[in-house]
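Enquirer: the following comprises the amino acid sequence and a computationally predicted model.
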Protein chains: 2
Amino acid sequence: MFNITPQDVEDLAIGAAILGTGGGGDPYMGKLMVLQALERGRTVTLVDPRDVDEDSFVVSSAFMGTPITMIEKLPSGLEGVKALESLEGYFGRRADYLTPAESGGLNSTIPLYVAGIAGRPVIDGDGMGRAFPELQMVTFHLYGVKATPMSLADEKGNGVILDTIDNFWAEKIARSVTIRMGGWASIALYPMSGSQLKRSIVGNTITKAMGIGRSIREAKAVGKNPIDAVLDFTGGFELFEGKITDVSRWIVSGFAKGEVTIDGLNDYRGRKLNIQFQNENLVAMIDGSPAASVPDLITVLDMETAEPITTERLKYGFRVVVIGIPCDVKWRNEEALRLVGPRYFGYDIDYSPIETLMEGRG
Amino acid sequence: MFNITPQDVEDLAIGAAILGTGGGGDPYMGKLMVLQALERGRTVTLVDPRDVDEDSFVVSSAFMGTPITMIEKLPSGLEGVKALESLEGYFGRRADYLTPAESGGLNSTIPLYVAGIAGRPVIDGDGMGRAFPELQMVTFHLYGVKATPMSLADEKGNGVILDTIDNFWAEKIARSVTIRMGGWASIALYPMSGSQLKRSIVGNTITKAMGIGRSIREAKAVGKNPIDAVLDFTGGFELFEGKITDVSRWIVSGFAKGEVTIDGLNDYRGRKLNIQFQNENLVAMIDGSPAASVPDLITVLDMETAEPITTERLKYGFRVVVIGIPCDVKWRNEEALRLVGPRYFGYDIDYSPIETLMEGRG
């Protein structure tokens, strides 16, 4: 258990955006909110999931929707507190801990802000160890935890509570509510016991994200390559290096979908990498062959600074390095792959672990 | 206070569909549900709103959505009970009375079914004295009652509770939830005190609907014209008589919109009547001049049987009489007309009371 510092927040924002695989929102806004809370004397305490009481009450705190709509409709940060308090009111029980639902620029930082304002400790972990576009795509779901009762709150003061027959219906109804609310909402969901949490969480992802951010910062300080530092820290692989030559985007049913084409540079000259995304990067193909796919992580980094580029910021002309990071082992069984593998998203390929695909490239 | 009989239910279904002005759903399904409840020994007690305790707790029970979707997705009837109980759970208080929200084939009968199953008395009245397409279009709203907290329940077992900043947001969010639920949902809303109810309700509309149905039945029994009986009972007017020559329909954002053209017969030969509808009949024009408009009631009846024809059943070739009935006086002030007058629905005409328009026709 430890209290986070402003430097931790800076490191976390960068590292979480790398784990966010292009989604999970821009790191900047969430970071500012947490820094502001710390400046105002709030404390944010991080707790290892192994130290949580079995019969404590844990609630997941997150942002749901298309992050791009946040630019037009700024959050006050208090929606997240309202969502938490509505759910607590519904249960008639105070949450002992908050847990992030996913790793990502916003969804790793906003729960820290909510926790700081509401005065609750935050679990060091989340339900994905990466970002995914739909709310049933969490390890909590794999271990039988129900997403509902869940609450949604917007910046205007509207609140909604859902109690659905399964987590797919929670996703469908919550998605239509977020669209109607203007594109995004703060949510509190996956109410569970400490013992459920311990079984189902991807642990220590907040400290992992902080470690990634720190390794980039320290590499830069001594003139080393920050991308190598990320790969060392995460056990990841360099998939490609090149220049973005095409980006297409469309918003469908509240999701930011699209694809990006990257023309190879240096060792990759003459080859093309294509990434399909739906909020997050889902599948990367080099000249038509899979280089990596969900649930493994695919992240686009700025070639010079190693800054992660979210899918909504991908732009023609950017020089980038694309990296892949193995997902948590909880995602590598058949049931998990039915939930988050490439076929769920409509791609006609089977999942192969990124390590296997890299070996195949020789 | 009295307990309704199967004959009352038969009369109510027909009369309420006439007050439903083309919307409010088909009378058949709601009627069967109530008859079934009575057959199984349930009691449905109707209470005059004047007899309600000032500090009692009243909840409105209704069906929301496009009735046509009920044909594909049949209700069990228990969704309404679930919606009621969810809202009661949210308040931690049992409703002393249920009140219908609108008059219409379904929305006058379903609350009786819910009341019979849940064992609550039903108020003889509703929030419209007719049917309207949006949930803020009730006299409750005009008297400052909030639609939320409200609950929605579908036939699968999904439940939603809304708490919005105003009744327009309740309409918007609830509408998107009903669409996602498959086109309709059972709802419980406008939680209020007995004193709020007494101020804001359009009273005695259930017994009025029963009276309309009875007058048709009795006229037929003695070989009199049943449409004349309806006009006598309601103080309504015959607007037109003719044959349907065109019907167009489209579903937009969860509403069944459309228009119908009727070519005149008998005294109306050579003239055309056009009705614009959005779930309900909104505006009737004869050869381009207003004959009646919201909030006054416009209802299409079968020429022979006087059976009301809902907007989703209008069909080429039907021979019909179109009648108009003055709305409740609560709808005839400026604020009410801003809420439900023809301009709200996008028609470029001012409201004139149907009595005035009929005088103008000489």
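Expert: Noted; the coordinates are in hand.
Enquirer: please make it C-alpha for all contacts and neighbour counts, starting now.
Expert: Noted.
Enquirer: helix or strand right after the helix or strand of chain A with the lowest mean pLDDT?
Expert: Within chain A, confidence by mean pLDDT, DSSP states H and E is lowest for helix A:69-72 among all helices and strands, at a mean of 67. Toward the C-terminal end, the helix or strand that comes next after helix A:69-72 (DSSP states H and E) is helix A:78-91.
Enquirer: and the closest residue to A:Y90 other than its chain neighbours, how far from B:T99?
Expert: Once flanking residues are discounted, A:Y90 sits nearest to B:Y90: 6.9 Å by C-alpha to C-alpha, 6 or more residues apart in numbering or on different chains. Between B:Y90 and B:T99 the computed distance is 18 Å (C-alpha to C-alpha, to the nearest Å).
Enquirer: so how far is chain B from the residue nearest to A:D53 when sequence neighbours are not counted?
Expert: Closest residue to A:D53 apart from its sequence neighbours, by C-alpha to C-alpha, 6+ apart: A:G194 at 5.6 Å. As judged by C-alpha to the nearest C-alpha, to the nearest Å, A:G194 and chain B stand 25 Å apart.
Enquirer: burial of A:G194, as a residue count?
Expert: 21 (other C-alpha atoms under 10 Å in any protein chain shown).
Enquirer: list the residues that contact it.
Expert: A:V52, A:D53, A:E54, A:D55, A:S56, A:F57, A:V58 (C-alpha atoms under 8 Å, 6 or more residues apart in numbering or on different chains).
Enquirer: just checking, the third one touches A:Y97?
Expert: No. Using C-alpha atoms under 8 Å, A:E54 makes no contact with A:Y97, being 11.9 Å away.
Enquirer: which of those two has more neighbours?
Expert: Taking neighbours as other C-alpha under 10 Å, A:E54 and A:Y97 compare with A:Y97 leading, 23 against 13.
Enquirer: can you show me the strands along the stretch 251-362 of chain A?
Expert: For the stretch 251-362 of chain A, applying DSSP state E, counting those that start in this stretch gives strands covering A:255-264, A:272-278, A:280-286, A:289-293, A:297-302, A:319-325.
Enquirer: sorry, back to before: is it true that the residue nearest to A:Y90 touches A:F91?
Expert: No. Counting by C-alpha under 8 Å, B:Y90 stays clear of A:F91, with 9.6 Å between them.
Enquirer: just the pLDDT for A:I349.
Expert: Listed pLDDT for A:I349 reads 95.
Enquirer: from what I can see it touches A:L337, true?
Expert: No. The pair A:I349 / A:L337 is not scored as a contact, 11.9 Å apart, by C-alpha under 8 Å.
Enquirer: which one of the two is surrounded by more residues?
Expert: A:L337 (18 against 13).
Enquirer: show the contacting residues for A:A336.
Expert: Here A:A336 is in contact with A:L142, A:K330 (criterion: C-alpha under 8 Å, 6+ apart).
Enquirer: so who does A:T164 touch?
Expert: Contacts for A:T164 (C-alpha under 8 Å, 6+ apart) come out as A:T148, A:P149, A:A170, B:G157, B:N158, B:G159, B:V160.
Enquirer: ok, the residue of the stretch 1-150 of chain A found nearest chain B - how many residues close by?
Expert: Of all residues in the stretch 1-150 of chain A, A:Y90 sits closest to chain B, at 6.9 Å by C-alpha to the nearest C-alpha. Counted by other C-alpha under 10 Å, the residues lying close to A:Y90 total 16.
Enquirer: interface residues of chain A facing chain B?
Expert: A:90, A:156-165, A:169, A:172-173, A:176-177, A:180-181 (C-alpha under 8 Å from any C-alpha of the partner chain).
Enquirer: please, where are all the helices along the stretch 101-250 of chain A?
Expert: A:110-118, A:139-142, A:167-180, A:194-200, A:205-221, A:226-234 (DSSP state H, counting those that start in this stretch).
Enquirer: okay, those, which one's buried deepest?
Expert: Most buried of these, by mean neighbour count (mean count of other C-alpha atoms under 10 Å in any protein chain shown): helix A:110-118, with a mean of 25.
Enquirer: where in chain A is pLDDT low?
Expert: Filtered on pLDDT under 70, chain A yields the residue ranges A:68-73, A:362.
Enquirer: just give the nearest non-adjacent residue to the residue located most distally from the centre of chain A, would you?
Expert: Distance from the C-alpha centroid of chain A, by C-alpha atoms, centre = their mean, peaks at A:G270 (32.3 Å). Excluding the flanking residues, the one nearest A:G270 by C-alpha to C-alpha, 6+ apart is A:G264, at 6.0 Å.
Enquirer: one more: A:L19?
Expert: A:L19 sits nearest to A:R130 (C-alpha to C-alpha, 6+ apart), 4.9 Å away.
Enquirer: cool, and A:P290?
Expert: A:A284 (6.0 Å).
Enquirer: likewise for A:D302?
Expert: Using C-alpha to C-alpha, 6+ apart, the closest residue to A:D302 is A:V320 (4.7 Å).
Enquirer: next up, the contacts around the closest residue to chain B within the stretch 201-350 of chain A.
Expert: Taking C-alpha to the nearest C-alpha, chain B has its nearest neighbour within the stretch 201-350 of chain A at A:S253, 11.4 Å off. Shown in contact with A:S253 (C-alpha under 8 Å, 6+ apart): A:R175, A:S176, A:I179.
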